[in-house]
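Participant: Need the 3D shape of this:
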Amino acid sequence: MNITLTPRQLAVLDFFKTVAIALAIILPIRFFIAQPFYVRGSSMEPNFHDFEYLFTEEVSYYFHAPVRGDVVVLKNPQDESEYFIKRIIGIPGEHVEVREKTVYINDVQLDESAYLAEDVDTWGSVDVTLGADQYFVMGDNRGVSLDSRVFGPLNRTEIVGRAWIRIFPFSRIAHFSEINYPSN
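Facilitator: Residues are numbered from 1 along each chain as shown. As a prediction, the model looks like this:
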């Protein structure tokens with residue numbers, strides 16, 4: 001059987017082929033490699049501001065675990081329809097304490113000078129040992145951040161991805177890499 005298509009039918013067929021190819025390329029990238037997010041609120045100031053547009057990447061966490069200093073997007077443990085952006089402070093197996101406005105990891109004061117101003121105080125009182133798949137996160141603007149000091153440690157499955165690129169506003173375009181901490 002030989003089917004002959006009109007030019008209009010060929011144009012419609014070409015349109016649907018193009019859409020199918022675009023979806024086959026875009027959807028896996030969107031759901032498995034990188035996702036866009038807006039920053040909402042001031043919990044990460046001065047490093048991330050309200051209404052900035054970020055892409056997170058998920059691929060690197062298939063090959064290695066999140067590390068201290070990574071800025072991650074996570075599901076709000078109290079409402080999984082919301083997402084937060086926070087910094088990883090404690091990693092699995094560590095003892096995290098917040099006392100006298102200071103963070104301690106395994107009884108050693110955490111050096112946060114790579115991303116926090118000297119005058120930032122960390123409110124609250126925390127004393128927790130993280131489980132094998134748990135992370136402790138905090139915002140950089142500690143006075144207004146809803147984070148692990150309130151909702152407790154996160155499970156790895158609640159971390160969506162690592163902040164990768166800030167694309168808006170254009171004046172603050174940046175690529176984010178890991179922070180190299182002094183050994184504690």
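Participant: And the closest residue in space to residue 13 that isn't next to it in sequence, how far from residue 11?
Facilitator: Using Cβ to Cβ, 6 or more residues apart in numbering and skipping residues adjacent in sequence, the residue nearest residue 13 is residue 5, 6.9 Å away. Quick note: C-beta positions are derived from backbone N, CA and C, even for glycine. Separation of residue 5 from residue 11 (Cβ to Cβ, to the nearest Å): 9 Å.
Participant: Also residue 68?
Facilitator: Separation of residue 68 from residue 11 (Cβ to Cβ) stands at 55 Å.
Participant: Settle it for me: which of these two has more neighbours?
Facilitator: Neighbours were counted for residue 68 and for residue 11 using other Cβ atoms under 10 Å; residue 68 has more, 19 against 10.
Participant: Surely that one is in a strand?
Facilitator: No: judged by DSSP: H, G, I helix; E, B strand; the rest coil, residue 68 forms no part of a strand; its state is coil.
Participant: surely it meets residue 92?
Facilitator: No: contact criterion Cβ atoms under 8 Å: residue 68 and residue 92 do not qualify, at 10.9 Å.
Participant: What are the contacting residues of the helix ranked longest in the chain?
Facilitator: Secondary structure of the chain read by DSSP state H shows that its longest helix is helix 7-28. Residues from elsewhere that reach helix 7-28 (Cβ atoms under 8 Å, 6 or more residues apart in numbering): residue 5.
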